[in-house]
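Q: model this:
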Amino acid sequence: MDWFGFSKDPWRDVPLDPSLGDYEIFVETRKIKSILGEIEKIFDSKQGDLRLLIGPRGIGKSTLLNVITYKASLHDNAFGIKIEPDISSIKRDPYQIATHIFKIIYKNLVAKMGIRDCPEYSPENLKEVMEHYTRGEIPILPVFCIDELDKLNSKKDMAVINKFLKDNQNMLQRLKISALTIISCSPDWEFLNSKDLSYLDRENAIELDMLNAAEVKEIVERRLKTVSKNLNDVFTEDATQYLMKISEGNPRTLLSRCKRLCKEAFEKGKRQIDKELIESVYKNKIKQHIPNLINKIAESSPYFNQGLTKIWKFYQELEINKIDPSEGLKIFNLLVKNPRIEKRKIPGKLDQLLINAGCGYTVTNMLIEMFVLDEHVLEFFKQWDSYGYSINDFAENYAEKPIEPKLSEIDIYIQRKLSKYSSIKAKDFFSKSQQYYNELKEKYQNKTYEEIVILSWQVLEFFIKAEMISDGETPRIRTYLKKKAKRVKRNRIEYSYICPNPKCRKELRGTETACPECGKDLTEYDLRGELMNQFKDMLRRRKVYLSSYDDIDYCRKKRNNVLHTPRGRASLNQRIAEQCRQNAIAAFEEMLREFL
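A: The predicted structure is shown next:
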C-alpha cells in the first residue's frame, strides 16, 4: 500500500456509518435511492410497517441500515435505533434472540416517553408501551433496524430463525402498527415464503441488487479520494472496464479484490494496475462470472427472463440451421442500436430465425417492411450493458456455454404455442399479443385508464387473429394478402371486418363510416363485432369451450366505448380499467392452455 503512496487503507471492509463521517465514501446507488425515497415517505406519514431487507453477504445491507437509522435520527417525525444481536453470546436460541431484541426496543420506547422509573422488561410491559405509540400519544415514529440475523445460514441456524419468527408473530405484528421495523435477512431463507410467515409479506421485501458498472467505478473513485488519489493514478483505462467483472457487482468482493490487485502490482513492480495483471490474477473468476451474471439478470425480473427465453430459442434456431451461434448472436449488436430496422438490412435468413424465436416481428411502414426487436430482448441487453459487458462478450460466452432459462408454466405454454405456428403472420401477431400481455401484467402502473382498456383488447385481438390465420378460418384475408403481396406488403389484418352488404362483402379496416365500394352506411353496424362472430364460429367448429369468452367480449365493448363514444370515455374509471386488465390476462392464459 505504501508503494502507491496510500496514507491509509482505502479498501477497508466495514459497514459505512454516516454518523461517523463515512458519507463521503457512501455511494447512493439507483436501488438505494429508490429505497430511501420510500422510507422517507413512511417517516412523513408516521405509519408503522414491518419490512424484510434481503440480499447476499457483502451487498451493503448493514450500510443501508446504518443510513436509514441516521436519516431517522435527523427527521422531525422519527427516531432510529440499530439493533445488532451478538449471535455468539445469545447461543442461537429463539427465546434468547427475542428477549435480546425486544429488551432493546422496550428500553428505547420508554426512554422517548420520558419515563424515569419504568418497570423491567416483560412482553406484557412492551405491549402496553407500544399501545401509547399506536394511539398517537407519542407523536413520533420509532424506527428499528435489526441486523446480523442474516449471518445465521446453516440448516440448524435457519430452523432457529424460522422458530423465532413463528413464535413472535403476535409481537412483531403489534410492532408493525406502532413502529417501522426492518429485519436483515439472507436470500437462502426459503422458509420466508411459507404460509406460516405470510404476515412478513415476503413479496413486499426490500431487495438489494448487484451494482452496475458505473456504480462499481464510483465506489473505487470515492475510496481512492480518501487517500488523495484519482482512479487513473492506480488503474489504467482498460483495467477500469474489468472492475465490474472481477467484483461481480458485490461491494465487499470489489474491495477485497482491489486490495489484492494492489498487493500483486507492488510485488511485480507495476506502477499501475493494468488489464494484463487483472487477467493473470482473476482469469477464471471472470470466465465463471459471465454465466452467473446472465442467470442473475434473468432471475431479477420475469421481464428479463422472457428476454433470455427468446434468446435461448434463437440460439436453438441457429443450431438447427447450422449457423455458428457465436456469430449469429452478434446480430443483436445491430438490433439493440436500431430496435426498429428495415428487414432487408438483416443479413442472411436471420430475420426469419428471429421471428421464429419470438425475438421480434415485422411491421409495414410507408410500404417498407420493418423488423421490430422484441421489448423483452431489448431490455435484457440494456441491463446486460449496464454491468459493463458488450454483446460480443455475451455472444462468445453464450455460444460456448448456453444457459437454458428457468421457465414458468405460462412461459412454457408460450414457447410451445409459438413453435406450433407455421405461418409467419401468425407468429408476428402472437408475438405482439405476448408483448402486450407482458406490458399489461408488469408495466401497467404508469398507463392511463384508456390505454389499459385499449391494450387489454389488443392482447386478445392479436391472439385471436393469430389463431384464425393458423386455422385457415379467414380465407378471404389470406387470398387478399397473397394477391396484393407483390404490390403492397401489409402487416395488418384489419381486413377481418367485412361490409355487411351481401352483394358487396368488401374487406374493411373497421374505421369507415360508409363502405367505399357500395356506399352502404356503416354507422349502425359493429364491424369489430364481426371479428368476434367469426371467432365464436371457429370455437364452435373446433368444439373448444372458453369460459372467458364473455370476458373477451367485455374488453371489446369497453374498448369500442372508449374509442367511439364520448359517454364511454367519460364513464371510464379505475374499476373498469382493472376489470379489463384482469379479463384480458385471464383470457390470454386460458386460450394458451385450450388452444394447445
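Q: any stretches of the stretch 351-500 of the chain with poor pLDDT?
A: 471-498 (pLDDT under 70).
Q: that one: strands as residue ranges?
A: Taking DSSP state E, counting those that start in this stretch, the strands of the stretch 351-500 of the chain run over residues 360-365, 368-373, 497-498.
Q: please apply the same query to the chain.
A: With DSSP state E as the criterion, the chain has strands at 49-54, 78-83, 141-146, 180-185, 206-207, 340-342, 360-365, 368-373, 497-498, 507-508.
Q: if we can go back for a sec, wait, which of the strands of the stretch 351-500 of the chain is closest to residue 10?
A: Across the strands of the stretch 351-500 of the chain, the minimum distance to residue 10, taken as C-beta to C-beta, is reached by strand 368-373, at 42.3 Å. (Glycine included, C-beta is placed from N, CA and C.)
Q: quick one: that closest one to strand 360-365, angle?
A: Taking axes from the mean of the first three to the mean of the last three C-alpha atoms, to 10 degrees, one finds that strand 368-373 is oriented at 150 degrees with respect to strand 360-365.
Q: output strand 368-373 as CSV, nothing but the C-alphas.
A: These are the backbone C-alpha positions of strand 368-373, laid out as CSV (Å, rounded to 0.1, in the frame of the first residue of the first chain):
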residue,chain,number,x,y,z
ILE,A,368,-41.2,-0.5,-46.3
GLU,A,369,-41.1,-3.8,-44.3
MET,A,370,-39.5,-3.1,-40.9
PHE,A,371,-38.2,-5.5,-38.3
VAL,A,372,-39.0,-4.6,-34.6
LEU,A,373,-36.9,-6.1,-31.9
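Q: residues in contact with that strand?
A: Here strand 368-373 makes contact (C-beta atoms under 8 Å, 6 or more residues apart in numbering) with 335-336, 339-344, 346, 351, 354, 359-364, 489, 491.
Q: buried only: go through those residues for me.
A: Of all the contacts of strand 368-373 considered here, the ones buried according to neighbour count by 16 or more other C-beta atoms under 10 Å are 335-336, 341, 343, 346, 351, 354, 359-363, 491.
Q: so which bits of the longest helix along the chain are buried?
A: Of all the segments assigned as helix in the chain under DSSP state H, the longest by residue count is helix 275-300. Of the residues in helix 275-300, those buried under the neighbour-count criterion (16+ other C-beta under 10 Å) are 277-278, 281-282, 286, 289-290, 293-294, 296-298.
Q: just checking, what packs against that helix?
A: Based on contacts counted as 3 or more C-beta pairs under 8 Å, 6 or more residues apart in numbering; DSSP states H and E, the elements that helix 275-300 packs against are helix 237-240, helix 243-247, helix 251-267, helix 302-320, helix 375-386, helix 391-400.
Q: and those helices: which comes nearest residue 154?
A: Comparison of those against residue 154 by C-beta to C-beta identifies helix 251-267 as nearest, at 20.2 Å.
Q: follow-up on the earlier one: I'd like the buried ones among the contacts of strand 368-373 as a markdown table, with distance to residue 86 appended.
A: Rendered in a markdown table, the data for those read as follows (distance: C-beta to C-beta, whole Å):
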| residue | distance to residue 86 |
| --- | --- |
| 335 | 55 |
| 336 | 50 |
| 341 | 60 |
| 343 | 65 |
| 346 | 62 |
| 351 | 63 |
| 354 | 57 |
| 359 | 53 |
| 360 | 56 |
| 361 | 59 |
| 362 | 64 |
| 363 | 63 |
| 491 | 66 |
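Q: quick one on the thing from earlier: quick one, which of the helices and strands packed on helix 275-300 is packed in tightest?
A: helix 243-247 (a mean of 24; mean count of other C-beta atoms under 10 Å).
Q: just the pLDDT for the residue of the chain most remote from its centre.
A: Distance from the C-alpha centroid of the chain, by C-alpha atoms, centre = their mean, peaks at residue 503 (53.4 Å). If you check residue 503, the pLDDT there is 72.
Q: my guess is it contacts residue 518. True?
A: Yes: when contacts are counted by C-beta atoms under 8 Å, residue 503 is listed as touching residue 518 (7.1 Å).
Q: hey, which helix or strand in this structure has the poorest pLDDT?
A: helix 475-484 (a mean of 38; mean pLDDT, DSSP states H and E).
Q: where does the protein dip in pLDDT?
A: Across the chain, the ranges flagged by pLDDT under 70 are 1-4, 88-91, 471-498, 502, 505, 507-512, 523-547, 595-596.
Q: residue 463 contacts residue 435, doesn't it?
A: No: shown here, residue 463 and residue 435 do not form a contact pair, counting by C-beta under 8 Å, at 11.4 Å.
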